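K.L.:
One predicted model, sequence on top.
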2 protein chains.
Amino acid sequence: MKKPLGVITRPKGFQAGGAAAGIKTTPGLLDVGLLVCDRPASAAAVFTTNKVSAAPVQVSREHFARSHGRVKAVVVNAGNANACTGKHGLRDARKMAGLAAELLDVEPARVLVASTGIIGQPLAMDRVESGIREAARGLSADRRGGARFAQAIMTTDRWPKEAEASVVIAGTRVRLAGVVKGAGMIAPRMATLLAFVTTDAAVSPALLGKLLRSSVDRSFNRITVDGHMSTNDTCVALASGRSGATVRGGSRREKKFASALDEVTLNLALDVVRDGEGAVRVATVRVEHARSDADAELAARAVAESPLVKTALFGADPNWGRIVSAAGASGCAFREDRTSLRVNGHEIYRRGRPLAPSKAVERAMTGSRVTFVLDLGLDRGSSVVYTCDMGHAYVHLNAEYHT
Amino acid sequence: MKKPLGVITRPKGFQAGGAAAGIKTTPGLLDVGLLVCDRPASAAAVFTTNKVSAAPVQVSREHFARSHGRVKAVVVNAGNANACTGKHGLRDARKMAGLAAELLDVEPARVLVASTGIIGQPLAMDRVESGIREAARGLSADRRGGARFAQAIMTTDRWPKEAEASVVIAGTRVRLAGVVKGAGMIAPRMATLLAFVTTDAAVSPALLGKLLRSSVDRSFNRITVDGHMSTNDTCVALASGRSGATVRGGSRREKKFASALDEVTLNLALDVVRDGEGAVRVATVRVEHARSDADAELAARAVAESPLVKTALFGADPNWGRIVSAAGASGCAFREDRTSLRVNGHEIYRRGRPLAPSKAVERAMTGSRVTFVLDLGLDRGSSVVYTCDMGHAYVHLNAEYHT
């Protein structure tokens, strides 16, 4: 497995750590992580919109509101999602935040909590608690701490997923870093995406929230593995301000910072799709000239989530009929005689008529990245969604490893 | 393979036939079918709502309107869907109807046309035309003709799908029969459902249309194999009136007839799910006590179409977390602490809390039919959707047989 780089502590003002608490079934794997800012950081957070939200999501929402976006730390466990666990689960999530707060000497509301793993089972709280203590003892500001944190949040990811960027603001280098866990499905059983972003820029919670929401919308909200929304999705950004450079709303600095943030979240998101449930191929589904952006999004999602499109992708089959018919049934404005499709730039369907299949298209389908551009020929709406193939490994991971 | 019973000609006034024209790749398989009424029948038709509709669908819509619901015959081919074929395809579909009309000595608008099979390829019209001539020569009112028709519309169905019912109206026995082709995915590549229903009741086109739409809504519109809507879906009902019994709107006779029609369409629909792309298990997803029927439908579809639910079904895994979270993300009104789930009558999740998994639930999951009842505990809305598992055969069928 690729070694983690431990980038999350690269921005100034952060420490991280991880512990093997025995929550994951494989002994010795890190499964409790702690990410801490020297002083309460400006924070922003985006959570799952599933009406079934895990206990840690409920507690983090509450703490985030009570702290007015000033957050000291995030405590995470992998191996158990603490979802669908009723009042007992809520109590456990509060205990996790409470213990971390006690060890860091802050109010509990300054600590957010996230969990990922199997759902519907109670947390082994004795193990979780000793894991939190150990992670706190081992906190470090160097890449070792960051690497342990990156490993501790993984479930069945085939590799740790990290990204970083930097940008010079008013002569000062500002760093951003991020880590994400993706959609492995063996023990955890749910595609629970957790993402954490750090920066040493000084940004107000309000501005950071605005930028994070818009960045998530262009990254994590643009990927699909199987269209099944998780109960635990959480994305948290923390800004320490330790670089000394301040980002204010409406400035050129804001644009620079936003584009670096986008780079980090998009790289993380694409890494999640690449590692989607046994995937061998990533597809970019771009819809152009739709009646509106919303229409384009409808069509792009319908194509990207169609099991028929995804199995054809697995089989490296340029099955354009499935793509066109998925869009036609998506509810978007659609005229067959205006619709064209390109695969890696090669036209295969033009204004409602199939073109003779070319060798170039067949070759394009066998690569690790394929881009479909569906041109609806109507107006100026556009959208993009990233997806992966669905093959035997998907079925294997999701059917054959039972409770 | 199960022998076809040939029920479609059981109601009085119908003849059917089929021919092997060489459109399917396996030589000798029947692939052109003709279903004819002695005199123009009262007709009703429901077509795909996909904005990409195949040429035969476009021509049938036009003919249906021009004939004012008085239809003499339906001509069908399997092996090629004549979809996404542009103006050329439209010309071919018109030729099919035109030739059948000529042979039966009626106006072309009295003939509907349906195709199923591979998309984006031109029909071999010489073969199709000689097939139509041969099918017309071999028309018969006995079960041999019906059996040939049932075989001619199959693509990769593992068995022919037929159903019948009868009901006594004012002392006269009225017969109904139906035949459907389902979602096999090898050569045809698209789940193109074609269904034909005959009856010897006398029913006006308007009433038959009303009853068929409502019946389709409770049967073919309640099944999902992969949520991918086809370009060719067509359901046609023909009433010869030859039994002498008349069904009028608003009468007790209407109710009796409607319930027999529902029996036929629901049996056909369930047979399609049973034969869905390598399926080993059929699941009934019933949602109860939703805020509204529309809400219940949202939740039932989200559960029935989730690849995670379907792979768990393949693995006989009572993975209730996937069911509950699919419903929670469906957009329906939802409260976790009101939600319960039963598997074949055994409660596994009660008002937001998991119950200890029971042997009875595990056993239930290994059968060929499983019923999930998701109780949202809110109001009186309910809905039901039938689905099947998604296993290796699905991936195999849809990925590994290329163009």
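P.N.:
Looks like it arrived, so ask away.
K.L.:
Can you get me a residue count around the nearest residue to A:Asn82 once chain neighbours are set aside?
P.N.:
Nearest-residue entry for A:Asn82: A:Ser115, 4.3 Å, with adjacent residues in sequence omitted and distances by C-beta to C-beta, 6 or more residues apart in numbering or on different chains. All C-beta spots, glycine's among them, are computed from the backbone N, C-alpha and C. By other C-beta atoms under 10 Å in any protein chain shown, the residues close to A:Ser115 number 34.
K.L.:
Now the element after the strand or helix carrying A:Arg127, going C-ward?
P.N.:
Taking DSSP states H and E as the definition, A:Arg127 sits inside helix A:125-137. Counting by DSSP H and E, the next helix or strand C-terminal to helix A:125-137 is helix A:143-152.
K.L.:
counting contacts, what elements does that following helix pack onto?
P.N.:
Counting contacts by 3 or more C-beta pairs under 8 Å, 6 or more residues apart in numbering or on different chains; DSSP states H and E, helix A:143-152 is packed against strand A:14-19, strand A:32-47, strand A:70-80, strand A:172-181.
K.L.:
Tell me which of those strands approaches B:Lys24 most closely.
P.N.:
Nearest of these to B:Lys24, taken as C-beta to C-beta: strand A:172-181 at 48.1 Å.
K.L.:
Return the angle between stretch directions for that closest one and helix A:143-152.
P.N.:
Using axes from the mean of the first three to the mean of the last three C-alpha atoms, to 10 degrees, the inter-axis angle of strand A:172-181 relative to helix A:143-152 is 30 degrees.
K.L.:
So in that sheet, which strands flank the following helix or strand past strand A:172-181, and in what orientation?
P.N.:
The helix or strand immediately downstream of strand A:172-181 is strand A:194-199, counting by DSSP H and E. Partner strands for strand A:194-199, per DSSP bridges, with pairing direction: strand A:172-181 (antiparallel), strand A:234-239 (parallel).
K.L.:
Mean neighbour count, those: which tops it?
P.N.:
strand A:234-239 (a mean of 28; mean count of other C-beta atoms under 10 Å in any protein chain shown).
K.L.:
Between strand A:32-47 and that strand, find me the angle.
P.N.:
Here strand A:234-239 runs at an angle of 100 degrees relative to strand A:32-47 (the same axes, to 10 degrees).
K.L.:
what residues does strand A:234-239 touch?
P.N.:
A:14, A:35, A:37, A:41-48, A:56-57, A:60, A:71, A:74, A:112, A:114, A:193-203, A:208, A:212, A:216, A:220, A:261, A:265 (C-beta atoms under 8 Å, 6 or more residues apart in numbering or on different chains).
K.L.:
rerun that using 6 Å as the cut-off
P.N.:
With C-beta atoms under 6 Å, 6 or more residues apart in numbering or on different chains as the test, strand A:234-239 has contacts from A:37, A:41-47, A:74, A:112, A:114, A:194-199, A:201, A:203, A:208, A:212, A:216.
K.L.:
swap in stretch A:69-79?
P.N.:
In contact with stretch A:69-79 (C-beta under 6 Å, 6+ apart) are residues A:23-24, A:31-36, A:40-41, A:43, A:96, A:100, A:104, A:106, A:110-117, A:128, A:153, A:155, A:205, A:236.
K.L.:
the helices in the stretch 301-403 of chain A, which residues?
P.N.:
Taking DSSP state H, counting those that start in this stretch as the criterion, the stretch 301-403 of chain A carries its helices at A:307-314, A:320-328, A:359-365, A:392-399.
K.L.:
closest one to B:Val373 among those helices?
P.N.:
Using C-beta to C-beta as the measure, helix A:392-399 is the one of the helices of the stretch 301-403 of chain A that comes nearest B:Val373, at 22.4 Å.
K.L.:
Let me know the angle separating the closest one from helix B:392-399.
P.N.:
Going by the same axes, to 10 degrees, helix A:392-399 is angled at 150 degrees with respect to helix B:392-399.
K.L.:
average pLDDT for helix A:392-399?
P.N.:
Throughout helix A:392-399, pLDDT has a mean value of 76.
K.L.:
and the angle for that helix with helix A:307-314?
P.N.:
Using the same axes, to 10 degrees: helix A:392-399 against helix A:307-314 is 130 degrees.
K.L.:
Please identify the buried residues of helix A:392-399?
P.N.:
A:392-399 (16 or more other C-beta atoms under 10 Å in any protein chain shown).
K.L.:
Show residues contacting it.
P.N.:
Outside helix A:392-399, the residues that touch it by C-beta under 6 Å, 6+ apart are A:185-186, A:277-278, B:308, B:311, B:314-315, B:391-392, B:395.
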